[in-house]
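Peer 1: Fold the following, please.
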Amino acid sequence: MRKKIKFLMFSLCLFLWNKMLMAQTNTPDDGSFMKSNGKIYVVMAVVVVIVLGLFIYLIALDRQIRRIEKK
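Peer 2: Purely as a prediction, here's the structure:
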């Protein structure tokens with residue numbers, strides 16, 4: 001179970017890293033509101049923080065459940 005969680009977290013990190021690198025390309029601005037104001041980076045940062053928080057919470061919850069099951 002622990003290896004599976006590590007694999008899923010690693011896969012998610014690679015996926016997000018890939019998307020972040022793709023977002024940094026020098027393509028011409030299409031005039032969208034979020035890109036023109038630079039707020040897309042704020043939105044992505046908030047999404048990443050929320051997802052990481054959920055994964056940390058799930059890992060902590062899994063450890064607590066495992067500890068209770070051992071008793």
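Peer 1: What is the neighbour count of residue 47?
Peer 2: Using other Cβ atoms under 10 Å, the number of residues around residue 47 comes to 11. Heads up, the C-betas are built off the backbone N, CA and C, glycines and all.
Peer 1: Residue 13 too?
Peer 2: As a burial measure, residue 13 scores 14 neighbours (other Cβ under 10 Å).
Peer 1: so which helix or strand takes in it?
Peer 2: Element membership of residue 13, judged by DSSP states H and E, is helix 2-23.
Peer 1: residue ranges with poor pLDDT in the protein?
Peer 2: Applying pLDDT under 70 to the chain flags the ranges 17-36.
Peer 1: which strands and helices sit next to the helix ranked longest in it?
Peer 2: When the chain is parsed with DSSP state H, its longest helix is helix 40-70. Applying 3 or more Cβ pairs under 8 Å, 6 or more residues apart in numbering; DSSP states H and E, we find helix 40-70 packed against helix 2-23.
Peer 1: Ramachandran angles for residue 38?
Peer 2: Phi and psi for residue 38, reported as degrees, to the nearest 10, are phi 80, psi 20.
Peer 1: what about it, neighbour count?
Peer 2: If you count neighbours by other Cβ under 10 Å, residue 38 ends up with 8.
Peer 1: Look up how far residue 44 lies from it.
Peer 2: Residue 38 is 11 Å from residue 44, where distance means Cβ to Cβ, to the nearest Å.
Peer 1: With residue 16 instead?
Peer 2: Residue 16 is 9 Å from residue 44, where distance means Cβ to Cβ.
Peer 1: go on, residue 13?
Peer 2: In terms of Cβ to Cβ, residue 13 sits 14 Å off from residue 44.
Peer 1: One more: residue 68?
Peer 2: 36 Å.
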